[in-house]
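Engineer: This is a predicted model, with the sequence first.
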Amino acid sequence: MTSPAVIAPGLADWPSLAAAMADCTACPLSESRQRVVPGDYPPGARVLLVGEAPGRSEDEGGQPFIGRSGQLLDGLLAEVGLDRAQLAVCNTVKCRPPDNRTPKRSELDACRAWLDRQVDVIAPEVVVTLGGTALGWALGRGVRIGELHGTVHRRDGHVVVPTYHPSAALRFGPNGAPAQALRADLRVVAELLT
Ligand code: URA
């Protein structure tokens, strides 16, 4: 297929982007996926959450963060007064990596143009990166989430707030350090919107 880097910049709206992604075969993840997961975009969303990659539930359901990580994320968002239904949610890659492994550099590079164009179309005020892969996309590889989470960075007309991936919060439990950091970082996001 023609590369996303060639197709995506010419697509002006969310439905055209989602339709083009549904046919994407730009990397080998297209061979093992069940469904492409373009993301959610309620028109007017002021915040975009960026995760890593669809997992099993998302691959089956075609929507982002609908499995265990998503349920935890929804709960944390509600705690700080953010309504998931009003937030845009995407991933750095749109297809599930086999066995939920981390996406390879080549897969991230192949998919990047979709996400970059999604950001243009959504024009969010705040981008929240969930985990290290999304942080690398937004602020460059080599930055450390443990040092940057909860801080606010200016980038191309929006701000970026890095935080942990909800799967880290699942691993360490509701009172573990990642869950507490996520809660605090999402509070920063809620305050930016007031
Ligand atoms: N983990 C992610 O990074 N994204 C999803 O959509 C689901 C789980």
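Structural biologist: All right, it came through fine. Residues are numbered from 1 along each chain as shown.
Engineer: Tell me the residues of this protein that contact the ligand?
Structural biologist: Where the chain comes near the ligand, counting by C-beta under 6 Å from any ligand atom, the residues are 51-55, 58, 64-65, 67, 69-70, 91. Every residue, glycine included, has its C-beta placed from N, CA and C.
Engineer: run the last query once more with 5 Å
Structural biologist: Residues of the chain lying near the ligand by C-beta under 5 Å from any ligand atom: 51-52, 54-55, 58, 64-65, 69, 91.
Engineer: out of those, who has the most neighbours?
Structural biologist: Neighbour count (other C-beta atoms under 10 Å) singles out residue 54 as the most crowded of those, with 30 neighbours.
Engineer: from what I can see that one touches residue 92, true?
Structural biologist: No. Taking contacts as C-beta atoms under 8 Å, residue 54 lies outside contact range of residue 92: 10.5 Å.
Engineer: bridging residues for residue 89?
Structural biologist: Beta-bridge pairing of residue 89 under DSSP bridges involves residue 40, residue 49.
Engineer: The residue sitting nearest the centre point of the chain and residue 1: what is the separation?
Structural biologist: Residue closest to the average C-alpha location in the chain (C-alpha atoms, centre = their mean): residue 50, at 1.8 Å. Noted for residue 50: a distance of 24 Å to residue 1, by C-beta to C-beta, to the nearest Å.
Engineer: what does residue 84 give?
Structural biologist: Where residue 1 is concerned, residue 84 sits at a distance of 32 Å (C-beta to C-beta).
Engineer: For the two, indicate the residue with more neighbours.
Structural biologist: Using other C-beta under 10 Å, the more surrounded residue of residue 84 and residue 1 is residue 84, with 17 against 11.
Engineer: Ramachandran angles for the more buried one?
Structural biologist: Dihedral pair for residue 84: phi -50, psi -30, per degrees, to the nearest 10.
Engineer: for this protein, longest helix please?
Structural biologist: Identified as the longest helix of the chain according to DSSP state H is helix 105-122.
Engineer: List the neighbouring strands of the following helix or strand past it plus their orientation.
Structural biologist: As assigned by DSSP states H and E, the chain's next helix or strand after helix 105-122 is strand 126-130. As defined by DSSP bridges, the strand partners of strand 126-130 come to strand 47-51 (parallel), strand 158-163 (parallel).
Engineer: just the angle between the first one and helix 105-122, please?
Structural biologist: So the one you mean is strand 47-51. 170 degrees (axes from the mean of the first three to the mean of the last three C-alpha atoms, to 10 degrees).
Engineer: returning to that earlier point: in terms of pLDDT, where does the residue nearest to the centre of the chain sit?
Structural biologist: Note on residue 50: pLDDT of 98.
Engineer: Spell out the residue ranges of the helices in this structure.
Structural biologist: Counting by DSSP H, the chain has helices at residues 4-7, 14-22, 29-32, 56-61, 68-79, 105-122, 132-139, 145-148, 166-172, 177-192.
Engineer: can you redo the ones you listed as JSON lines with mean pLDDT?
Structural biologist: Compiled in JSON lines, these are given as follows (pLDDT from 0 to 100):
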{"stretch": "helix 4-7", "mean pLDDT": "96"}
{"stretch": "helix 14-22", "mean pLDDT": "97"}
{"stretch": "helix 29-32", "mean pLDDT": "97"}
{"stretch": "helix 56-61", "mean pLDDT": "98"}
{"stretch": "helix 68-79", "mean pLDDT": "96"}
{"stretch": "helix 105-122", "mean pLDDT": "98"}
{"stretch": "helix 132-139", "mean pLDDT": "97"}
{"stretch": "helix 145-148", "mean pLDDT": "94"}
{"stretch": "helix 166-172", "mean pLDDT": "95"}
{"stretch": "helix 177-192", "mean pLDDT": "97"}
